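Engineer: Mind looking at a prediction? Sequence and model below.
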Amino acid sequence: MQVTEGRVIVSRPGRNFVTLKLVTDEGVTGVGDATLNGRELAVASYLRDHVVPLLVGRDPARIEDTWQFLYKGAYWRRGPVTMSAIAAVDTALWDIKGKVAGLPVYQLLGGRSRDGVTVYGHANGETVDDVLAEVARYVELGYRAVRVQCGIPGLPITYGVSDDKLFYEPAGVALPPEASWSTEAYLSFIPTVFARVRDEFGPALRLLHDAHHRLTPIEAARLGKSLEPYELTWLEDPVPAELPDGFRLIRQHTTTPLAVGEVFNTIWDCEQLIREQLVDYVRATVVHAGGISHLRRIFDLAALHHVRSGSHGATDLSPVCMAAALHLDLAIPNFGLQEYMRHTEETDRVFPHAYHFAAGYLHPGDEPGLGVDIDEELAARYPYQPAYLPVNRLVDGTMHSW
Ligand code: CS2
Ligand code: MG
């Protein structure tokens with residue numbers, strides 16, 4: 001069998017997605033997600049101009065060799081654009097292998113290690129009362145874990161809080177919007193939100209919170225400590241992770257578990273964090289961290305060091321990425337949690353999929369391959385439009401991390 005064609009499909013069914021579809025001489029096809037929020041066309045060009053020509057004529061069965069060829073052969077290693085492009089190829093090749101074998105991909109990864117994939121939803125609201133109503137909605141839907149994000153009094157916009165419910169879209173159209181931020185206001189307010197949520201929903205519901213890389217290590221340590229009475233499953237992205245030592249400082253002060261990794265693109269971004277047990281959950285994803293093959297390598301390393309998976313699953317990761325993540329989540333021994341932010345109906349129509357939600361769990365389904373596809377005719381009706389994530393400034397105008 002040979003790869004004969006690779007189609008790079010850029011489409012905006014509700015938001016921008018980049019999808020790779022590999023075609024073989026025997027008619028079997030495979031799909032991979034290549035979406036990099038706000039930088040979509042860079043990955044599309046990387047694939048179209050530099051990768052697809054290398055794939056034509058290759059044996060699609062050679063997944064690991066193709067990964068090594070694209071990673072080492074480029075000379076320029078790592079980086080979100082490169083690794084998202086490699087991820088798309090890797091994911092599409094696993095899809096093809098599953099279809100050829102007549103097996104869902106999780107069977108090729110060693111079979112099920114659990115009955116279903118526990119997911120968490122993103123409950124957000126402007127006020128604590130809005131947040132309580134959103135958490136209640138997730139609980140009614142059957143969720144066992146909820147991430148809680150609340151508007152901060154005195155700040156006009158808070159990242160992660162919007163009018164969108166069940167899904168939410170942080171990327172605005174055209175030029176990037178700017179938000180403002182006050183650590184002081186945030187640190188004193190957030191524990192009061194969790195006090196109300198825990199009080200209302202009791203001890204069994206798993207609660208999470210995302211700090212979006214906005215704190216310094218000592219501020220994050222204070223937040224972790226003040227959230228201890230509310231027994232969070234994790235505090236996500238407390239500090240930017242370029243400097244792993246920051247996590248050591250947080251660890252010295254709090255037993256609130258830590259999660260990080262949605263912007264990681266290789267094992268080298270988290271090797272020290274994992275090896276030194278500085279975090280509890282690694283949240284790298286199939287699409288941004290080199291595909292199923294490389295993410296499995298990260299999770300295998302994590303398993304040796306008491307670190308569990310907690311993959312990112314916001315709306316900018318397409319249903320193709322979600323399907324691939326679920327096959328891996330079902331198979332690995334050290335699965336922790338999977339984020340599941342629902343896609344819009346438009347997105348779901350363009351990406352028909354077999355995965356389904358029931359009683360707080362997602363299951364990838366039992367179709368051969370990944371069980372997801374792209375309807376190319378429908379996708380063509382939604383042309384790309386530039387859209388950017390907001391940038392964040394302190395109230396005095398200083399650029400801040402987000
Ligand atoms: C968030 C996302 O879901 C999450 O954990 O951090 O909103 C994230 O900021 C976006 O997916 C970035 O593209
Ligand atoms: Mg996050």
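Structural biologist: Thanks, I have the structure now. Ligands and ions are numbered 1, 2, ... in the order given.

Engineer: Around ligand 1, which positions in the stretch 151-300 of the chain sit nearby?
Structural biologist: P170, D210, H212, E262 (C-beta under 6 Å from any ligand atom). (Glycine included, C-beta is placed from N, CA and C.)

Engineer: can you do 8 Å?
Structural biologist: By C-beta under 8 Å from any ligand atom, the residues of the stretch 151-300 of the chain that approach ligand 1 are Y159, G160, Y168, P170, A171, D210, H212, E236, D237, E262, R283.

Engineer: Quick check: buried residues in whichever strand or helix holds K225?
Structural biologist: For K225, the enclosing helix or strand under DSSP states H and E is helix 217-227. Going by neighbour count (16 or more other C-beta atoms under 10 Å), the buried part of helix 217-227 is P217, E219, A220, A221, R222, L223, G224, S226, L227.

Engineer: Next: stretch 354-363.
Structural biologist: A354, Y355, F357, G360, Y361, L362, H363.

Engineer: Which single one of these is nearest to ligand 1?
Structural biologist: L362 (15.5 Å; C-beta to the nearest ligand atom).

Engineer: ok, whichever strand or helix holds the closest one: who's next to it in the sheet?
Structural biologist: Using DSSP H and E, L362 sits in strand 361-363. Using DSSP bridges, strand 361-363 pairs in its sheet with strand 117-125 (antiparallel), strand 356-358 (antiparallel).

Engineer: can it be found next to ligand 1?
Structural biologist: No: judged by C-beta under 8 Å from any ligand atom, strand 361-363 stays clear of ligand 1, getting no closer than 15.5 Å.

Engineer: List the buried residues for the helix or strand just after that strand?
Structural biologist: Counting by DSSP H and E, the next helix or strand C-terminal to strand 361-363 is helix 376-379. Judged by neighbour count (16+ other C-beta under 10 Å), helix 376-379 contains these buried residues: A379.

Engineer: mind listing what the residue sitting nearest the centre point of the chain touches?
Structural biologist: By C-alpha atoms, centre = their mean, the mean C-alpha position of the chain lies nearest to H312, the distance being 2.3 Å. Residues near H312 by C-beta atoms under 8 Å, 6 or more residues apart in numbering: G261, E262, R283, A284, T285, H288, E339.

Engineer: try it again with 7 Å
Structural biologist: By C-beta atoms under 7 Å, 6 or more residues apart in numbering, the contact list for H312 reads E262, R283, T285, E339.

Engineer: who wins for neighbours among the residues you listed?
Structural biologist: T285 (28 neighbours; other C-beta atoms under 10 Å).

Engineer: Any idea which residue of the stretch 151-300 of the chain lies closest to ligand 1?
Structural biologist: Closest point on the stretch 151-300 of the chain to ligand 1, by C-beta to the nearest ligand atom, is P170, at 4.8 Å.

Engineer: Nearest spatial neighbour of that residue, chain-adjacent residues omitted?
Structural biologist: Nearest non-adjacent residue to P170, counting by C-beta to C-beta, 6 or more residues apart in numbering: L389, 5.6 Å away.

Engineer: Okay, buried residues for the helix or strand where V197 lies please.
Structural biologist: Assigned by DSSP H and E, V197 belongs to helix 183-201. For helix 183-201, the neighbour count (16+ other C-beta under 10 Å) marks T183, Y186, L187, F189, I190, P191, V193, F194, R196, V197, R198, F201 as buried.

Engineer: quick check, nearest of those to E134?
Structural biologist: Among the buried residues of helix 183-201, V197 lies closest to E134 (C-beta to C-beta), at 10.1 Å.

Engineer: any idea how far M322 is from the residue nearest to the centre of the chain?
Structural biologist: Distance, H312 to M322, using C-beta to C-beta, to the nearest Å: 10 Å.

Engineer: and what of L208?
Structural biologist: On the measure of C-beta to C-beta, L208 and M322 end up 18 Å apart.

Engineer: again, but for L93
Structural biologist: 18 Å.

Engineer: Among these two, which residue is more densely surrounded?
Structural biologist: M322 (30 against 27).

Engineer: Pull up the residues of the stretch 301-402 of the chain that are close to ligand 1.
Structural biologist: So far as C-beta under 8 Å from any ligand atom goes, the stretch 301-402 of the chain lies against ligand 1 at H312, G313, A314, T315, D316, L317, E339, M341, L389, W402.

Engineer: Mind picking the two most distant members of the buried residues of helix 183-201?
Structural biologist: T183 and F201 (27.1 Å).

Engineer: Strands along the stretch 151-300 of the chain, start to end?
Structural biologist: 172-173, 178-181, 206-210, 234-236, 258-260, 281-282 (DSSP state E, counting those that start in this stretch).

Engineer: thinking again about what came up before, who's in contact with the helix holding K225?
Structural biologist: 183, 187, 190-191, 194, 211, 215, 235, 238-239, 246, 249-250, 253-254, 256.

Engineer: interface residues of the stretch 1-150 of the chain facing ligand 1?
Structural biologist: N37, G38, H122, R147.

Engineer: circling back: give the closest residue to the residue nearest to the centre of the chain in space, chain neighbours not counted.
Structural biologist: Using C-beta to C-beta, 6+ apart, the nearest residue to H312 is E262, at 3.9 Å.

Engineer: just checking, that neighbour touches V282?
Structural biologist: No: judged on C-beta atoms under 7 Å, E262 makes no contact with V282 at a distance of 9.9 Å.

Engineer: Common neighbours of these two, please.
Structural biologist: Joint contacts of E262 and V282 (C-beta under 7 Å, 6+ apart) do not exist.

Engineer: In the stretch 1-150 of the chain, which residue sits closest to ligand 1?
Structural biologist: Closest point on the stretch 1-150 of the chain to ligand 1, by C-beta to the nearest ligand atom, is N37, at 3.6 Å.
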